[in-house]
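Participant: Give me coordinates for this.
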Amino acid sequence: MSLHGPAAADLDALRRLHTAHRETFLFDNLSIQAGGGISVALEDIERKFLDERRGGYCFEHNTLFTAVLNDVGFGTTALLGRVRRGPPERWCRTHMVLKVDVAGEPWLADVGFGALGLLEPIPLQEGAQGRQVDLEYSLRRDGPVWVLSTLGPDPTAPDRITATDLYEFSEDPQTPGDVEVANHYTSTHPNSMFRRNLIVQQTTRKGRTMLRHDGITRYQDGTVIAETVDAAQLPAAARDLFGIDLPPGPYVFEQYGRDGRTPAATNLGGSCSLI
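Facilitator: Numbers count the residues shown, from 1 in each chain. Modelled structure (predicted):
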């Protein structure tokens, strides 16, 4: 089937494009850690992902995926969500997702939530469920917002199954300006986890792999394995796990203390919780 034009905008095409994107591009914050900025202009993302064969984070991934879906003939709406991590009063709209129209029915698409995110889209409806790569996803209403949650092995206790809320979002459409503001905050705020940690992650049909500045976590064949790494091991780990070379240091996360925060960041009173 040719993926071009409105006739190609069916559920099978959405699933295949979603999975292909997830398996092709890494989720990472290497531009931030190398001291650079993040542009959400489509031409800059295309250059970075397609020409330079690099990855990025949610605003980049889902902006690029929107352009692909629109070109095929899907109707898409950009939404912003809050990652449910940390105290609720600190949740804020620092994650981008997509509502996609498929034959008049809404679907949730999200190719930019790191290794714990969806491999395939799921119906945007109460009680939607689906098992994908060792995790059970479910979608529910919580007052005015939708909540995406998972049920799966706990990295801190592999024999235990844990339910986790990933993020919430509402259906009010967001403009490119809204996305630009959220991206700026997420990439530059001193307390952003994307500044406090080095992150490279990938999800494929074979498993989920996460590299941080202090550890590796892998979901595969119904199990989860976590191990620690030190800074000297990071380049070799990135090559072994993802086939990439890390940019030369020093990295932004190295400016932070053992608790992941600088004195200046502490004075700001915390920040939004981020994936």
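
Participant: residue boundaries of the strands in the stretch 51-200 of the chain?
Facilitator: Taking DSSP state E, counting those that start in this stretch as the criterion, the stretch 51-200 of the chain carries its strands at 75-83, 93-102, 105-109, 122-123, 129-132, 135-142, 145-154, 157-169, 199-204.

Participant: Let me know the average pLDDT across the last one.
Facilitator: Average pLDDT, strand 199-204: 98.

Participant: Just the buried residues of that strand, please?
Facilitator: Buried residues in strand 199-204, counted by 16 or more other CB atoms under 10 Å: 199-203. The way it works is simple: take the backbone N, C-alpha and C, and place the C-beta from them, glycine included.

Participant: Tell me which residues are up against it.
Facilitator: Applying CB atoms under 8 Å, 6 or more residues apart in numbering, the contact partners of strand 199-204 are 22-23, 26-30, 55, 114-117, 119, 133, 193, 208-213, 238, 241-242, 244.

Participant: Just those: which are in helices?
Facilitator: Judged by DSSP state H, the contacts of strand 199-204 include 22-23, 30, 193, 238, 241-242 as members of helices.

Participant: Would you tell me which one of these comes nearest to Pro123?
Facilitator: Arg22 (18.1 Å; CB to CB).

Participant: Distance check, the closest one against Glu43.
Facilitator: 23 Å (CB to CB, to the nearest Å).

Participant: Have a look at the two and say which one is more surrounded.
Facilitator: Neighbours per residue (other CB atoms under 10 Å) separate Arg22 from Glu43, with Arg22 holding more: 26 against 8.

Participant: Alpha carbons of stretch 174-187, in PDB - could you do that?
Facilitator: Taking Å, rounded to 0.1, in the frame of the first residue of the first chain, the C-alpha atoms of stretch 174-187 are listed here in PDB:
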ATOM      1  CA  GLN A 174      -2.300  23.700  21.200                       C
ATOM      2  CA  THR A 175      -0.600  26.200  18.800                       C
ATOM      3  CA  PRO A 176       3.000  26.000  17.500                       C
ATOM      4  CA  GLY A 177       3.600  28.900  19.900                       C
ATOM      5  CA  ASP A 178       2.300  26.900  22.900                       C
ATOM      6  CA  VAL A 179       4.700  24.100  21.900                       C
ATOM      7  CA  GLU A 180       7.600  26.500  21.500                       C
ATOM      8  CA  VAL A 181       7.100  28.000  25.000                       C
ATOM      9  CA  ALA A 182       6.800  24.500  26.600                       C
ATOM     10  CA  ASN A 183       9.900  23.400  24.700                       C
ATOM     11  CA  HIS A 184      11.900  26.400  25.900                       C
ATOM     12  CA  TYR A 185      11.000  25.800  29.500                       C
ATOM     13  CA  THR A 186      11.700  22.100  29.300                       C
ATOM     14  CA  SER A 187      15.100  22.500  27.700                       C
END
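
Participant: chain center to that stretch: distance?
Facilitator: 15 Å (CA atoms, centre = their mean, to the nearest Å).

Participant: So for stretch 8-21, what gets flagged as buried?
Facilitator: 8-10, 13-15, 17-19, 21.

Participant: no, scratch that, I was asking about stretch 72-91
Facilitator: Per 16+ other CB under 10 Å, stretch 72-91 contains these buried residues: 72, 74, 76, 78-85, 91.

Participant: Tell me the pLDDT of the closest residue to Ser39 other than its chain neighbours.
Facilitator: Nearest residue to Ser39, sequence neighbours excluded (CB to CB, 6 or more residues apart in numbering): Ile45, at 7.1 Å. Looking at Ile45, its pLDDT stands at 98.

Participant: hang on, the earlier thing: adding pLDDT and distance to Asp154, write the buried residues of stretch 72-91 out as CSV.
Facilitator: Converted to CSV, these look like this (pLDDT from 0 to 100; distance: CB to CB, whole Å):
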residue, pLDDT, distance to Asp154
Val72, 95, 38
Phe74, 97, 36
Thr76, 98, 34
Ala78, 98, 32
Leu79, 98, 29
Leu80, 98, 28
Gly81, 98, 23
Arg82, 97, 23
Val83, 97, 18
Arg84, 96, 16
Arg85, 92, 15
Trp91, 93, 22
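
Participant: partners of the residue nearest to Asp154 when sequence neighbours are not counted in the sheet?
Facilitator: Nearest residue to Asp154 in three dimensions, chain neighbours excluded: Thr162, at 4.1 Å (CB to CB, 6+ apart). Here Thr162 sits in beta bridges with Gly152, going by DSSP bridges.
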